[in-house]
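Trainee: just coords:
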């Protein structure tokens, strides 16, 4: 409590208080003009720490989004390339299947070989594409063409490198697929060449014929010695026996061919006989019956159903005369193993006996799988194995299981297919077809991998965008001023300042001298 | 006892009233003079005359014109002002350090660090592009220049503080010399007259200024002179002064080192007490040097961690190169071999064009969760540094504000004792005016008495 109050003291108080008011107004005005609550480090050190952290996290997050954009260009390009390759492989397989048809000839084989050759060149161009100067499928060797032609071979120049992109906190993602991985499986397999589809059976469902492709219900037409064209509606048929019965009732003799592959139609009048589909129909084609015969007998093409594990070996034409089966030799990792299949009565028995024998010998596991019409032996790794015939025992040959099991590469298979077509080697064409199916499966797997990567990129982009929003919101919470509050405080400070100026001027005016 | 004596009594009264009026006028005239101490005229009755039948009064006399002050409060204010000056000097230096390290709106080093590591992250992300090497180089050069600039600014600040200390010591010497001179004048003045009030006011004001620079103990001698003692060393005795000087010592790295203040013969180093000089010394040797050390540490950590990865790399013709060169923030630079040939920037240990393992690892140094030092990434280390500076700056402002209030409180109390109240002086003027008029009436009465006697003749 002061005992004396002087004019200087009052003056000092006025100076201090108006200065405090002005400083408060200045701070509020700065908050209002910058929109920020914190305008210098000393305003709120704790907030400054949080702001620094949020700002660096926002920068970091922004970089993740940039990385995602860059990585996406490569993933998208890989995706497009994979789809193109998949299309090519399908085309190649179609060529191979076409050339396995009964109507194929040396001339069509040559055309097929030429088509496959063009496909190889196209596949090479796809596999060698680059992005911003980076070879997409060369692993870490992005400066090199992934594949080059060397004589009759196509050689991979890249490596196994998988380039990572950091797309989130502690999250990296492989962006590329090395060409070695793209071109084929990383596991060894042997595709059997023997046709193990069972003979056509009267009870076979028409939905299963044509190796599962099924038939086209409808009408067929024919012209025979009895005249024509005649028509018969087969729509009500459900099995092979139904077709035979309906056509029999229509005046044609129909039976299962001697080789058990399809149907044989005979004109009782001795021919000539022509079977076809009416315009717009495919019924006769799907039953393998389109054809003309001067002697009145049309032998239909192969419409067997795909083999199944429960099929009896006795029903398989290629095994006829070779049952019971004998043994075959497996060589793997320098070890030779004789596998006895003499007890097998079904394809499932073959699988069980084979796999059990390998396991019992303590060898790396091999699995027996069933393809479209042949067996496949697949290893869990890239180690090469070999299946051989034993002297005087053609079991391996009959099962189509002679040869080397190795990883199959797209270009190797296509080159093999081209060679097989040029040589008219049906066995090799069949094997190449099976291998192309496997490669197609592999490319689909790769496509799934790429799809998963695209999904991960989309997901991380969403996550990082959310994170960016949350970080900016947190930064704003810490840094930014509540403008309503600031404006209100500023108005109040103005009022206080004006009041203090008014009171001060009145106080300074008064002295005792005015009254003496 | 005659009429003349009565008239003389009236005259003494008029003289005393006149002197008091003069003092009041002096007070009013100096009401706004900084450091002025109000004065008061002390009067006392003049010696009585023994008439044999009793003592008759002989009027009044001016005993003294004294300063109305409180030496205890003056000393306390000097001490508190010393602390305020110390805190303010340190705060000012710290505010400059804060500015050097950036601001809320311009977080230049934080941005440069983020850009540098983000550039590496882009370089590491496929598809790879050689053009991104230029980004890495550009961001690295900006980062190095920013660190150099900050280091230079801190050195400049240390130099500025040295200059301020030198100027402060010069000012201290000048003030002490003036105090010694005033001691001499007061000694001369008070040996013949009474208290040399205005000279004492001047001396008190100078002592306050000295104490702002370095807290001062003041001992007043019986002869009216004062001894000025700083840190136990008597620097002013009557009119004798021991002058001070600043001695700067260069550090081992050739950059500005610490500063010592000694008595001019150099034999005695003054341990600075509270005050602006100590504030400057602390700001320089603690805050500026500490900040520079922390900045150097940050730069060294950056160089070590980036280099230890980059030297593992292989690039076309540029194997095992350091990315940064230098020893500290002052001389950090991007290796000129890389600047001349950006292809030498290594992104991998294998030198395979698509491999970017090193670039990924270098980019990760700036990302949260990476343990660069003490479990913190590079950007987090910088954040820690900024938070430390922000905390020190805030604490410093709190200290200044608190001390300012303490000084204001003391100033108010001292003003209450020694300040001039115009109302009070107005009342006094009325009082002294009345006294003067009353004494004049006494003389007029004696005059009438003289005329009565003369008419009798």
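Mentor: Received, thanks. Since the structure is predicted, the reported quantities are computational estimates derived from the model, not experimental observations.
Trainee: which residue does the stretch 351-500 of chain A bring closest to chain B?
Mentor: Of all residues in the stretch 351-500 of chain A, residue A:479 sits closest to chain B, at 7.3 Å by Cβ to the nearest Cβ. Where you see a C-beta, it was placed from the backbone N, CA and C, and this is true even at glycine.
Trainee: what residues are up against that residue?
Mentor: Neighbouring residues of residue A:479 by Cβ atoms under 8 Å, 6 or more residues apart in numbering or on different chains: A:36, A:37, A:38, A:47, A:51, B:104.
Trainee: tell me the predicted confidence for the third one.
Mentor: On the pLDDT scale, residue A:38 is placed at 90.
Trainee: what's the answer for the last one, then?
Mentor: We have a pLDDT of 82 for residue B:104.
Trainee: please name the nearest non-neighbouring residue to residue 212.
Mentor: Let's take chain A. residue A:306 (4.9 Å; Cβ to Cβ, 6 or more residues apart in numbering or on different chains).
Trainee: that's the other chain; I wanted chain B
Mentor: residue B:85 (4.3 Å).
Trainee: contacting residues around that neighbour?
Mentor: B:212, B:213, B:275, B:276, B:279.
Trainee: distance to residue B:439 and neighbour count added to the contacts of residue A:479, as TSV?
Mentor: Formatted as TSV, the contacts of residue A:479 follow (distance: Cβ to Cβ, whole Å; neighbours: other Cβ atoms under 10 Å in any protein chain shown):
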residue	distance to residue B:439	neighbour count
A:36	72	20
A:37	70	19
A:38	71	22
A:47	73	19
A:51	77	25
B:104	72	21
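Trainee: now intersect these with the helices, please.
Mentor: Among those, the members falling in helices (DSSP state H) are A:47, A:51.
Trainee: would you map the helices across the stretch 401-516 of chain A?
Mentor: Secondary structure of the stretch 401-516 of chain A (DSSP state H, counting those that start in this stretch): helices located at A:410-423, A:426-479, A:483-509.
Trainee: confirm residue A:232 sits in a helix?
Mentor: No: under DSSP: H, G, I helix; E, B strand; the rest coil, residue A:232 sits outside any helix and is assigned strand.
Trainee: show me the strands in chain B, by range?
Mentor: B:39-45, B:49-50, B:55-56, B:60-67, B:217-220, B:226-230, B:233-237, B:240-241, B:244-248, B:259-263, B:324-325, B:333-334 (DSSP state E).
Trainee: what do you get for the stretch 151-300 of chain A?
Mentor: Remark: strands of the stretch 151-300 of chain A, listed N- to C-terminal, are A:153-156, A:164-168, A:171-174, A:189-191, A:219-224, A:227-233, A:253-256, A:263-266, A:273-276, A:291-293, A:297-299; assignment by DSSP state E, counting those that start in this stretch.
Trainee: of all the ones you listed, which lies closest to chain B?
Mentor: That would be, of these and by Cβ to the nearest Cβ, strand A:164-168, which comes in at 4.6 Å.
Trainee: so what's residue B:435 up against?
Mentor: B:13, B:16, B:17, B:20.
Trainee: per-residue pLDDT, it?
Mentor: pLDDT, residue B:435: 95.
Trainee: same question, residue A:1
Mentor: At residue A:1, pLDDT is 65.
Trainee: one step back: go through the contacts of residue B:85 and say which is closest to chain A.
Mentor: Using Cβ to the nearest Cβ, residue B:279 comes nearest to chain A of these, at 16.8 Å.
Trainee: comparing the strands of chain B, which comes out most buried?
Mentor: Across these, averaging neighbours per residue (mean count of other Cβ atoms under 10 Å in any protein chain shown) puts strand B:226-230 on top, at a mean of 22.
Trainee: what distance separates that one from the middle of the whole chain?
Mentor: Taking Cα atoms, centre = their mean, to the nearest Å, one finds strand B:226-230 lying 20 Å from the centre of the chain it belongs to.
Trainee: so which elements touch that strand?
Mentor: The contact analysis (3 or more Cβ pairs under 8 Å, 6 or more residues apart in numbering or on different chains; DSSP states H and E) places strand B:226-230 against helix B:131-192, helix B:197-213, strand B:217-220, strand B:233-237.
Trainee: return the list of helices and strands in contact with the last one.
Mentor: Think strand B:233-237. Counting by 3+ Cβ pairs under 8 Å, 6+ apart, strand B:233-237 packs on helix B:131-192, strand B:226-230.
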